[in-house]
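[1] Here is my input, please return the structure:
(2 chains)
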Amino acid sequence: MKYIGNCSTAIDIPALLVHLSKQEPRTRGNDQPDDIHANPKVIELKHAWEQAGYDTENGVWWLNYYAPKDIAEKFSEFVGVKLLGGWITCVPPGFCVPWHYDITDDEADYLKMGQPVRYTCHLNTPAFGQAFMLEGHIFSNEEQGNVYQWDDWQQWHGGINMGLEPKFLYNFLGIIPHE
Amino acid sequence: MLYTIDWQQITDALDLTQGEIRSYGVRFYQNTDGRFNHIINMWQTAGYDKTGTVEWINFYPGKHFDNTVVEKFAQFTNTTCARAWISCIRPGKMAPYHQDIDDKEEEYLKQGELVRFSVNACNAEHGQLFMVADKVLYNQPVGTVYKWPHYLAWHAGGNCSFKPKFLFNYLGIKK
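    Below is the predicted model:
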């Protein structure tokens, strides 16, 4: 994990949060018809959650927002890596995103293109009870706009909100093309 | 003096079905005089009464584990034990932002200054965390002891891992 910097001067994060409040999010975590549940890795992960006691019918729940194109482009410029994909997660008070690694049906295509690089940006102002965990690191009370690059895009991670306000995280996937 | 407490062995021996569940609708805080009402109201405003994720399981000395653990810890901290318990948070559950309540608080305060400690009572697991005041405790070795800045400090604990999380909680009276 590497601290990249604070993108608040490059991106108007308060305006982005206002924009998100007008966007209809997608519910994630529970069974949804549009999810990638046929992926064997997802099936295996959900089985592991259930074995651990998670209520995957109701208790695993978060919201996804699309990152506006101009924000994704500014972020790509900020980190200096070509955009592959991005999304904004919101964990409301009382929910967690259980321990997992990112799974996509497009993995083979990504790897043909180059080396995926994963970043997270903390969109909230610090709020008690909110945390994002990336293997042995924990991020809490992070300054709004702080950006971190992961050691590996497939690292295990999770998030939790034990506070009183929603927790927002920008997830950015970039690609370093093969030479 | 050497104090040896095998926390992992103690919590490995606990049977989760024998502990006392604290959750909405299940012996949720012994709120006899309403002193916890402001926190319950705060949680409900944030939506916690509908999430189904607020839960911890308490274990008590003499009932669920040997009281000698508490006696050793009292010696270690040079305090008299006012209250001690082990709490377990299962995967996907949490104890949201709150202050502890104790109906006997005034009685304890008559005996002296109160000090609060926590001990990680299981091996560190990624995804398990505990917060007290402005500190975030994560990935700490089993047996790590923390003294709180104040016995009424705001705190929270949660578990996004694959294993139950155990914490030894101790309220002491300074000697």
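[2] quick one: low-confidence ranges for chain A?
    Residues of chain A meeting the criterion pLDDT under 70: A:30-36, A:58-59.
[3] So which residues on it come close to chain B?
    Within reach of chain B by CB under 8 Å from any CB of the partner chain, chain A has these residues: A:48-49, A:51-55, A:58-60, A:92-99, A:128-129, A:131, A:133, A:135-136, A:138, A:140-141, A:156, A:158-160, A:162-165. Where you see a C-beta, it was placed from the backbone N, CA and C, and this is true even at glycine.
[4] from memory B:Lys174 sits against B:Arg116, does it?
    No - using CB atoms under 8 Å, B:Lys174 is not in contact with B:Arg116, being 11.4 Å away.
[5] More neighbours: these two, which one.
    B:Arg116 (21 against 12; other CB atoms under 10 Å in any protein chain shown).
[6] I'd like to know how far the more buried one sits from chain A.
    18 Å (CB to the nearest CB, to the nearest Å).
[7] cool, B:Gly47 as well?
    The gap separating B:Gly47 from chain A is 6 Å, by CB to the nearest CB.
[8] and the longest helix for chain A?
    Across chain A, the longest stretch assigned as helix under DSSP state H is helix A:40-52.
[9] surely A:Ala131 meets A:Ser140?
    Yes - if you go by CB under 8 Å, A:Ala131 and A:Ser140 touch, sitting 4.4 Å apart.
[10] quick one, strands of chain B?
    B:20-23, B:55-59, B:79-89, B:94-98, B:114-120, B:128-132, B:135-138, B:145-147, B:155-159, B:165-174 (DSSP state E).
[11] Packed most tightly, which of those strands would that be?
    strand B:155-159 (a mean of 26; mean count of other CB atoms under 10 Å in any protein chain shown).
[12] Mind listing the strands it pairs with, and their directions?
    strand B:94-98 (antiparallel), strand B:128-132 (antiparallel) (DSSP bridges).
[13] List the residues that contact the nearest residue to A:Arg118 once chain neighbours are set aside.
    In this structure, A:Arg118 finds its nearest non-sequential neighbour in A:Trp153, 3.8 Å apart by CB to CB, 6 or more residues apart in numbering or on different chains. For A:Trp153, the contact set (CB atoms under 8 Å, 6 or more residues apart in numbering or on different chains) comprises A:Asp102, A:Pro116, A:Val117, A:Arg118, A:Leu173.
[14] ok, now B:Asn120?
    By CB under 8 Å, 6+ apart, the residues touching B:Asn120 are B:Trp7, B:Phe130, B:Leu137, B:Gln140, B:Pro141, B:Val142, B:Gly143, B:Thr144, B:Phe166, B:Leu167.
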